[in-house]
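Undergrad: sequence and predicted structure, then a few things I'm wondering about:
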Amino acid sequence: MKRQICIIDCGITMPIMVMNPKVLNYRSMFAYQLEPEIYSLEMLEDVVREAGKNGMQRYPIHLKLDTGMHRTGLIPEELDKAIHIISGQNAVKLSSVFSHLATSDCVDMDDYTLLQLQRFDEMTNYILGKIPYPVKRHVLNSAGILRFPEYHYDMARLGIGLYGANTLPEDVEKPLSVVSTLRTVIIAIREWDKEETVGYGRKGILHRRSKIATIPIGYADGMNRHFGRGNISVKVNGMDAPTVGNICMDACMIDVTGIDCKVGDAVEIFGPHATVQRLADLLDTIPYEILTSVSPRVKRVYYRE
């Protein structure tokens, strides 16, 4: 009954694959139909044992192969033992085999990507030749889907592309539609004279009479302190408003001199008019880190077409 309540009553109809799991409560995993990624022989033995103890029959699992990422996954020398374990019981079944590409978004490292894809093809062909039922294969991430369509196999795993963030140069990847926006509102506006200072440590020094707005977003929300002191601008009514002074925990200040705005007006940190990539470039990182750094306390609003 628990399995039906979770899947049907919550409206979840697709299988849920759990990546990099550290399973402590197998009973809950089985009850909620969470399909684990198996990345080691030890984990495979654990899941098979616990599935049998909990009365599971042909419970779906997903076997990860290490083709060159060298993070987790089975290597070629471990395949025979894995196949022996899977074939020697009926508590679990192999639903899919997969791997992860390390350099699919690095256009100058295609030789390594192709080496990984060759290894994946060889390892999965070997496994599929030993397992007496259909097993799906998947290896491509967002960049791989675009650049290596001949390796789509049965499924693909769209990651950063789901958020409308590009990982490739524009001449390789057509810009995606932005689907994620981080915004806040102006809560205060004051005018200050030249040579006044703004924020902690008096790091925001005004070089003219300025109109300064306060917005309620800070480093506790994911507004990295490196974004302060004018290192980025946010969008206010279509115009750029640079940050002033240090980012605070729960707020920051922006220069709205010359911008027609008022308390309550929207401020876009990233979105259709202010790219995530500009923030990633400043921090010498990737859009993923910017997106995942938005604090859980920031309210999420989801739209469905």
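TA: Great, that's in hand. Quick caveat: nothing in here was measured; it's all calculated off a predicted structure.
Undergrad: CA only for contacts and neighbour counts going forward, please
TA: OK.
Undergrad: dump the helix or strand hosting residue 253 to PDB, keeping only the CA atoms.
TA: Using DSSP states H and E, residue 253 sits within strand 252-255. The C-alpha coordinates for strand 252-255 follow below in PDB (Å, rounded to 0.1, in the frame of the first residue of the first chain):
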ATOM      1  CA  CYS A 252      22.600  44.000  -0.600                       C
ATOM      2  CA  MET A 253      22.700  47.400  -2.000                       C
ATOM      3  CA  ILE A 254      22.500  48.500  -5.700                       C
ATOM      4  CA  ASP A 255      23.100  51.800  -7.400                       C
END
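Undergrad: buried ones in the following helix or strand past that strand, by neighbour count?
TA: Going down the chain from strand 252-255, the next helix or strand is strand 266-270, by DSSP H and E. Under the neighbour-count criterion of 16 or more other C-alpha atoms under 10 Å, strand 266-270 has 266-270 buried.
Undergrad: which of the residues you listed lies closest to residue 42?
TA: Ranked by distance to residue 42 (C-alpha to C-alpha), the buried residues of strand 266-270 are led by residue 270 at 42.9 Å.
Undergrad: can you give the contact residues for the longest helix anywhere in the chain?
TA: Scanning the chain for the longest helix, with DSSP state H as the assignment, gives helix 110-130. Under the criterion C-alpha atoms under 8 Å, 6 or more residues apart in numbering, residues 65, 67-68, 76, 79, 83, 97-99, 101-104, 134-135, 137, 139, 151 lie in contact with helix 110-130.
Undergrad: only whichever of those are buried, select them in ChimeraX.
TA: In ChimeraX, this line selects whichever of those come out buried by 16+ other C-alpha under 10 Å:
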select :65,67,68,76,79,83,97,98,99,101,102,103,104,135,137,139,151
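Undergrad: which of the contacts of helix 110-130 fall in helices?
TA: 79, 83.
Undergrad: I'd assumed residue 212 was in a strand, is it?
TA: Yes - note on residue 212: a strand contains this position according to DSSP: H, G, I helix; E, B strand; the rest coil.
Undergrad: quick check: chain neighbours aside, which residue is closest to it?
TA: residue 255 (4.8 Å; C-alpha to C-alpha, 6 or more residues apart in numbering).
Undergrad: how about residue 44?
TA: Distance criterion C-alpha to C-alpha, 6+ apart; nearest residue to residue 44, sequence neighbours excluded, is residue 38 at 5.9 Å.
Undergrad: what's near enough to touch that neighbour?
TA: Contacts of residue 38 were listed using C-alpha under 8 Å, 6+ apart, and they are 20, 44, 61-64, 73.
Undergrad: can you pull out the low-pLDDT segments for the chain?
TA: 1-9, 305 (pLDDT under 70).
Undergrad: where do the helices sit along it?
TA: Using DSSP H, helices in the chain cover 2-4, 26-31, 41-53, 79-87, 110-130, 142-147, 276-282, 287-292.
Undergrad: right, so of those helices, which gets closest to residue 222?
TA: helix 287-292 (7.7 Å).
Undergrad: tell me the one among the contacts of residue 38 nearest to residue 172.
TA: residue 64 (29.0 Å).
Undergrad: contacts only, for the closest one.
TA: 37-39, 72-74, 97-99.
Undergrad: got it, and residue 89?
TA: residue 48.
Undergrad: hmm, try it at 10 Å
TA: Residue 89 sits next to 48-49, 52, 57-58 when contact means C-alpha atoms under 10 Å, 6 or more residues apart in numbering.
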